[in-house]
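Student: give me a 3D structure for the following:
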Amino acid sequence: MNWIVLVVAGLFEIGWAVGLKYTEGFTRPWPTVGTVLSMLISLGLLGIAMKHLPVGTAYAVWVGVGAVGTAALGILLLGEPANPLRLVSLGLIVAGIIGLKLATPA
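Tutor: Numbering: from 1, shown residues only. Okay, here's the model as predicted:
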């Protein structure tokens with residue numbers, strides 16, 4: 001259950017990271033509200049997951065899920081480049097997340 005909470009926290013991290021782009025420097029009210037809510041939910045869920053998971057593992061997985069998801073949405077929604085080196089690098093982050101899961105009891 002802790003891992004599910006952690007992954008959901010990472011998904012909300014993607015929401016606020018991408019949301020920052022749409023706030024236009026926090027000048028647009030509704031995107032700003034959504035971004036701030038995503039930040040709060042993400043951090044709250046991370047804190048819950050850290051009750052039972054090692055801090056280093058939880059933080060690394062949270063950041064990794066957020067980084068990979070944000071980069072993927074940047075490619076899909078914002079027209080960012082999807083060159084082979086970038087995709088392989090994202091794959092390495094995913095491999096690291098899987099490795100941390102396999103190496104961490106709970």
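
Student: scan this structure for its longest helix.
Tutor: Ordering each helix of the chain by length in residues (DSSP state H) puts helix 55-78 first.

Student: can you tell me the element Tyr22 falls in?
Tutor: For Tyr22, the enclosing helix or strand under DSSP states H and E is helix 2-23.

Student: how far away is Gly99 from Leu40?
Tutor: 29 Å (Cβ to Cβ, to the nearest Å). C-beta here means a position set from N, CA and C on the backbone, and glycine is covered the same way.

Student: any stretches of the chain with poor pLDDT?
Tutor: Applying pLDDT under 70 to the chain flags the ranges 106.

Student: distance of the residue sitting furthest away from the middle of it from Ser89?
Tutor: Largest separation from the mean C-alpha position in the chain: Thr27, at 23.5 Å (Cα atoms, centre = their mean). Going from Thr27 to Ser89 by Cβ to Cβ gives 32 Å.

Student: any residues touching stretch 23-31, and which ones?
Tutor: Gly19, Tyr22, Thr32, Thr35 (Cβ atoms under 8 Å, 6 or more residues apart in numbering).

Student: hmm, back to that, just checking, what packs against the longest helix of the chain?
Tutor: helix 2-23, helix 29-49, helix 84-103 (3 or more Cβ pairs under 8 Å, 6 or more residues apart in numbering; DSSP states H and E).

Student: backbone torsions only: list them for Pro54.
Tutor: When quoted as degrees, to the nearest 10, the phi and psi of Pro54 stand at phi -60, psi 140.

Student: okay, stretch 48-59 in PDB with CA atoms only?
Tutor: Provided in PDB are the C-alpha atoms of stretch 48-59 (Å, rounded to 0.1, in the frame of the first residue of the first chain):
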ATOM      1  CA  ILE A  48       2.500   9.300   4.400                       C
ATOM      2  CA  ALA A  49       4.600   6.900   2.300                       C
ATOM      3  CA  MET A  50       7.700   7.900   4.200                       C
ATOM      4  CA  LYS A  51       6.200   6.600   7.400                       C
ATOM      5  CA  HIS A  52       7.000   3.100   6.300                       C
ATOM      6  CA  LEU A  53       9.600   3.400   3.500                       C
ATOM      7  CA  PRO A  54      13.200   4.500   3.700                       C
ATOM      8  CA  VAL A  55      13.500   8.300   3.100                       C
ATOM      9  CA  GLY A  56      16.100   7.900   0.400                       C
ATOM     10  CA  THR A  57      14.100   5.400  -1.500                       C
ATOM     11  CA  ALA A  58      10.800   7.200  -1.100                       C
ATOM     12  CA  TYR A  59      12.300  10.500  -2.200                       C
END
